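Asks: 3D model of this:
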Amino acid sequence: MELFSPSGLSALLQVVLIDLVLAGDNAVVIGLAAAGLPKDLRRKAILIGILAATGLRIFFALITTQLLSLGGGLLIAGGVLLLYVCWKMFRELSVTPQDEHEATEALADADLNADGTIAGKAPRKTLRQAVIQIVIADVSMSLDNVLAVAGAAQHHFEALIFGLALSVVLMGVAATFIARLLHRYRWIAWIGLVIILFVALRMTLEGAGAFIAIPEIPLLYTPHEVAAAAAH
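Replies: Residues are numbered from 1 along each chain as shown. Purely as a prediction, here's the structure:
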């Protein structure tokens, strides 16, 4: 089975790490948006956010993979979008410990530092404000997730399907746990950032290679004619 070839296993590993990091990242954004709500509304906002993220991932999976298969300019656009994702992730990884702590407490609905409050120092807001903020973030981050998974899977269809299914499951049932895991083990998020940067550069080069001659770059880019010759 092609999935268990060296390249297939490499793609699968990249997909799993990307899913973990982006699901946790999405959960933290949801937690930050919900942290300014009273307890009874906080749970409702987080549930709405996770359901929206799950549904959006399914929707974007249906259209994005078809578009990327067309190659060329669409691959370049996808790669550039992922480079922007890397920049956003870098900024989010530099978020203050206080903000991240409030997001984690909101997601867990627990007083993790025993200060007598749950995300108690976050600015106050209405449920409507929080939901709008969450859904806008979900649209962007769900597209990011699908693009990154599709780029990492490359031509390994099984890895692509597994990755998209995993991203939906992680957001649906394990988003809070993953956010707390990444809060504790920050290095996992940095590894994920490096992998997404690698996928973004590879996707951009493959798209550009359809228009201009680009020399082979080991591990990152193989010219189309060389790849075609190797396949025969």
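Asks: low pLDDT regions in this protein?
Replies: In the predicted model of the chain, residues 1-3, 94-124, 224-232 satisfy pLDDT under 70.
Asks: tell me what the helix or strand where Q133 lies is packed against?
Replies: Using DSSP states H and E, the element containing Q133 is helix 127-153. Applying 3 or more Cβ pairs under 8 Å, 6 or more residues apart in numbering; DSSP states H and E, one finds that helix 127-153 contacts helix 6-34, helix 39-68, helix 73-93, helix 157-173, helix 186-208. C-beta: built from backbone N, CA, C; applies to glycine.
Asks: report the angle between it and helix 6-34.
Replies: Orientation of helix 127-153 against helix 6-34 (axes from the mean of the first three to the mean of the last three Cα atoms, to 10 degrees) gives an angle of 170 degrees.
Asks: between helix 186-208 and helix 127-153, find me the angle.
Replies: 60 degrees.
Asks: just the buried positions in helix 127-153, please.
Replies: 127, 130-131, 133-135, 137-138, 140-153 (16 or more other Cβ atoms under 10 Å).
Asks: same check on stretch 152-168?
Replies: A152, A153, Q154, H156, A159, L160, F162, G163, L164, L166, S167, V168.
Asks: need the contact list for L83.
Replies: L197, A200, L201, T204 (Cβ atoms under 8 Å, 6 or more residues apart in numbering).
Asks: once you drop chain neighbours, what's closest to the third one?
Replies: In other words, L201. For L201, ignoring the flanking residues on the chain, the nearest one in space by Cβ to Cβ, 6 or more residues apart in numbering is L220 at 6.3 Å.
Asks: sorry, back to before: and the buried residues of stretch 152-168 as CSV, adding distance to R186?
Replies: Below are the buried residues of stretch 152-168 laid out as CSV (distance: Cβ to Cβ, whole Å):
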residue, distance to R186
A152, 21
A153, 26
Q154, 28
H156, 29
A159, 26
L160, 28
F162, 26
G163, 23
L164, 26
L166, 22
S167, 21
V168, 25
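Asks: quick check, nearest of these to L67?
Replies: L160 (13.5 Å; Cβ to Cβ).
Asks: show me the contacts for the closest residue to that closest one other than its chain neighbours.
Replies: Distances taken as Cβ to Cβ, 6+ apart place A153 nearest to L160, at 3.8 Å, with adjacent residues excluded. The contact partners of A153, taken as Cβ under 8 Å, 6+ apart, are A11, V15, A159, L160, G163.
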